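Participant: Quick check, what structure comes out for this input:
(2 chains)
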Protein chains: 2
Amino acid sequence: MNPVQPAHAGIDTAAVTALLTRGRTLPQPRLRAAVARLAPPMDTVAAYHFGWIDAEGRPADGDGGKAVRPALALLSAEAAGAAPEAGIPGAVAVELVHNFSLLHDDLMDGDEQRRHRDTVWKVHGPAQAILVGDALFALAGEVLLELGTAEAARAARRLSSASRALIDGQAQDISYEHRERVSVAECLEMEGNKTGALLACAASIGAVLGGADDAAADALSAYGHHLGLAFQAVDDLLGIWGNPDATGKRTWSDLRQRKKSLPVVAALSGRGPAARHLGELLRKDATKSQAEFDDFDEAEFAARAALVEEAGGRDWTAAEARRQHAAALRAVSDVDMPSAVRERFVALADFVVDRRR
Amino acid sequence: MNPVQPAHAGIDTAAVTALLTRGRTLPQPRLRAAVARLAPPMDTVAAYHFGWIDAEGRPADGDGGKAVRPALALLSAEAAGAAPEAGIPGAVAVELVHNFSLLHDDLMDGDEQRRHRDTVWKVHGPAQAILVGDALFALAGEVLLELGTAEAARAARRLSSASRALIDGQAQDISYEHRERVSVAECLEMEGNKTGALLACAASIGAVLGGADDAAADALSAYGHHLGLAFQAVDDLLGIWGNPDATGKRTWSDLRQRKKSLPVVAALSGRGPAARHLGELLRKDATKSQAEFDDFDEAEFAARAALVEEAGGRDWTAAEARRQHAAALRAVSDVDMPSAVRERFVALADFVVDRRR
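Facilitator: Numbering: from 1, shown residues only, chains lettered A, B, ... in the order given. Below you'll find the model as predicted:
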C-alpha cells in the first residue's frame, strides 16, 4: 500500500538514496572512532548494537537503520552554505543520542528484536544495555563540546534540549500504556517529543555548526519537527496496514501490541457507531492477558483494523501526514539556501511520507 | 575507629559543617526548579529519589547525601575569586549527574536501599529508574548550556568527560566482579573513574564558571581527583572495619558482598602466607551461592578481615588514603586563591580522610 501520496508528483528517489548513503557513510569513521573510546566491554557491546560485529564478535555488515538523522545533519550544514563535512560531528552526536534511546527503550519496552537481530539487553544483559546507552549519551556531548567552538556549544545546547524531549516522550509513551484513554493531542505531543525533537535537532545541528543564525536554525528545526510527525503518522499507518513483506513486521503489528497509535486514538475520538464499537472491543481487549490476546486469529485483528478505518482513523492519520509534510516544506521554504539543497530537503520529506517500510 | 589521621592536627569541623550545609542549601532552589521541568511522572520519581517526598508523595525531609560535590562546586567558584553563587549551575549539574549514576547503578547492582530508603527501581520499577536517570543526565547538560556563555560551554565539556569516566568506572566495577583477580592498579583506575572523576569536575567547575583559566581549573581538578581517591580508600576501610553504629551498614559489609575493594586487592597482591591463605579462602568463597555465604557467622568474616590486615591490606589502604590526601593538598597549594578559601579546601580533605561514616 502507499499510505500517503505527496501533493506534487515524482519523488527524486536517486537523490534520496544518495543522501541516505552519504548519511550512513560520511560520518562513519568519526562514529567508530568515538565508540572505540569506550572502556571494554562497552566498546564491543556498542559495536554489536550498531551492527558492526555479530553476537560472537565477528565482523558483520548489519543494518544500521535508515540514516535519516545523519543525512539531515549533513544536508543541514549545506543549507548554511558550509560543506557537508561541517555537519559530521552533529551527525555523529545525533546518531549517538538516537542509539542511546534505542538501547534504553528496547530494555524498558522488553523488545527482543531490533533491525532483525536480538537486542543488546537480550544478548549482553540489562546492565550492559543501560551502561552502553549512558556511555553513548555522554559521548554525544563530548563529541560536540570537544570542538571547543561557540557553534559547537550552541549545537550541544540544542542536542541536550532535544534529548530531554526524547526522554519526556518515552515517559509519556510508557504512562499512556497504562491509561484507558489518550487524546489525539496527547498522542501528537508524545510523538513530537519521541520522534520530532531529535529530527528537528538533526535538521538544524549541521547548520548551527556551519555558522547559521538562530532564525535559520529554528526554521530548519521546524522542518525536522514536522518531518518527524509526518514520519510517525506514516509509521503508525504501516504499523496497522503495512505489507509484512516490506515492513518485516507481522500483519496488524501495532494492533497485536495493543498500541494506542494515532489511527486508533483518532478513531476513538469519533462519535459514530464504529468508534463506539471499537471502544467497547478495546476495553474488553485490555482485560485479556497477552497469551489470550496472542491466540486471536487474523480475522479478529482484521475486524479491529476495519473499525479503525470505518471510524475515520486511517483517513485522519493520512491527512495528518500530508499536513505535516506540507508544514515541513513551508518551513524549509523560509530559509535562504542553494536551490539544489532545498530540493533535497523536499525529496527527503516526499520519501518519508511515501515509504512503504 | 579512626582509619586515617591527617598529617597535621586539628580539623576545622565547624568550617566543614558550614561548607556542606551551604552545598546542600544554596543550589537547592535551582535544583528543584530543574527537576520540576521533567514530564510527569518523572518529576515525582525524581523528587522521591532526592528525598523531597516519600513513596506516597507526602513531603519529606530525606537525607540527600553528604553534599560534598555541590559544596566543592561553590568553593571552587570562590577559588577563582567569584561569588559562591557563580558556582550554583555547576553544583546543580554535578548533583544531577551524580544522582543519574546512583539511579542507574542501584538498578544494575540490584541495591534495594539508598540513604535509608527503598531505591527508585524498588518503589517505582526499573523503567522509571532508567528514564529518570536519563532525564537527570540530560538536564545536567541543559542547566549549564542554557547559560549560553563560553565559560558554561567549557564547564559542560568537563562535565561530559567526567560523566563518561564515571560510566567507564561502573563498567569496570561490573566486569571486575566476574573476574578472579584484579590488580591494585586496576582497582585504583576503577575508583579514579567512579569516584575521582566527578569530584575532580566538582572541584573545578565553579572556578571555570567563575572565569578561571585552564591551568587553575586543572589544578583544582587534580585536588578533586586525589580527594576522590582518598575518599574511596577510606570508604573501603570503613566497608570492612567501620563501626556499624556510625556507618549504618552491617559489620564486615564489603566482605559479605565479596567486594574486591582496595584492602582486599592490596592484601592479595602480597607474597606472604597470609596473602596465600586469604587467596585460597576467597577462591573457595567464590564457588559458594549467596545463600550459603549469607549463612556464615561473624567469626568467618572476622577471620577474613584479620587475614586482609595481616597481609598488609589495611595498612596499605590507610597509607594510600594519606598519600592521596597529601597529593590533594599539594594540588590546591599550586593555585593562587584567598587563604580563607584554601583553608576550606584543606579542611574538607581532612574531613574526608578522618570521617567515621
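Participant: Distance of the residue most central in space within chain A relative to A:Gln170?
Facilitator: What sits nearest the mean C-alpha location of chain A, by C-alpha atoms, centre = their mean, is A:Thr195, with 4.7 Å. A:Thr195 sits 11 Å away from A:Gln170, going by C-beta to C-beta, to the nearest Å. Where you see a C-beta, it was placed from the backbone N, CA and C, and this is true even at glycine.
Participant: which helices and strands sit right next to whichever helix or strand A:Val132 is part of?
Facilitator: Element membership of A:Val132 [criterion: DSSP states H and E] is helix A:126-145. Under the contact criterion of 3 or more C-beta pairs under 8 Å, 6 or more residues apart in numbering or on different chains; DSSP states H and E, helix A:126-145 touches helix A:28-35, helix A:42-49, helix A:88-109, helix A:120-124, helix A:150-177, helix B:88-109, helix B:126-145, helix B:150-177.
Participant: redo that, cut-off 7 Å
Facilitator: Judged by 3 or more C-beta pairs under 7 Å, 6 or more residues apart in numbering or on different chains; DSSP states H and E, helix A:126-145 is in contact with helix A:42-49, helix A:88-109, helix A:120-124, helix A:150-177, helix B:88-109, helix B:126-145, helix B:150-177.
Participant: Let's have these in TSV, adding mean neighbour count and distance to B:Pro40.
Facilitator: Shown next, in TSV, are these (neighbours: other C-beta atoms under 10 Å in any protein chain shown; distance: least, C-beta to C-beta, whole Å):
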stretch	mean neighbour count	distance to B:Pro40
helix A:42-49	23	30
helix A:88-109	26	17
helix A:120-124	21	26
helix A:150-177	23	7
helix B:88-109	26	17
helix B:126-145	27	11
helix B:150-177	23	26
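Participant: Output the ones you listed as a markdown table; include the columns mean pLDDT and distance to A:Ser76.
Facilitator: Output for these, formatted as a markdown table (pLDDT from 0 to 100; distance: least, C-beta to C-beta, whole Å):
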| stretch | mean pLDDT | distance to A:Ser76 |
| --- | --- | --- |
| helix A:42-49 | 97 | 25 |
| helix A:88-109 | 97 | 7 |
| helix A:120-124 | 96 | 29 |
| helix A:150-177 | 96 | 10 |
| helix B:88-109 | 97 | 28 |
| helix B:126-145 | 98 | 19 |
| helix B:150-177 | 96 | 21 |
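Participant: quick one: pLDDT of A:Glu310?
Facilitator: According to the prediction, A:Glu310 has pLDDT 97.
Participant: Ramachandran angles for the residue of chain A most remote from its centre?
Facilitator: Using C-alpha atoms, centre = their mean, the residue of chain A lying farthest from its centre is A:Pro273. It sits 33.7 Å away. Backbone torsions of A:Pro273, given as degrees, to the nearest 10, read phi -70, psi -30.
Participant: How confident was the prediction at the closest residue to chain B within the stretch 201-350 of chain A?
Facilitator: The stretch 201-350 of chain A approaches chain B most closely through A:Asp214 (11.1 Å), counting by C-beta to the nearest C-beta. pLDDT for A:Asp214: 96.
Participant: and the residue lying closest to A:Asp173 once chain neighbours are set aside, what does it touch?
Facilitator: Nearest residue to A:Asp173, sequence neighbours excluded (C-beta to C-beta, 6 or more residues apart in numbering or on different chains): A:Met190, at 5.6 Å. A:Met190 makes contact with A:169, A:172-173, A:176 under the criterion C-beta atoms under 7 Å, 6 or more residues apart in numbering or on different chains.
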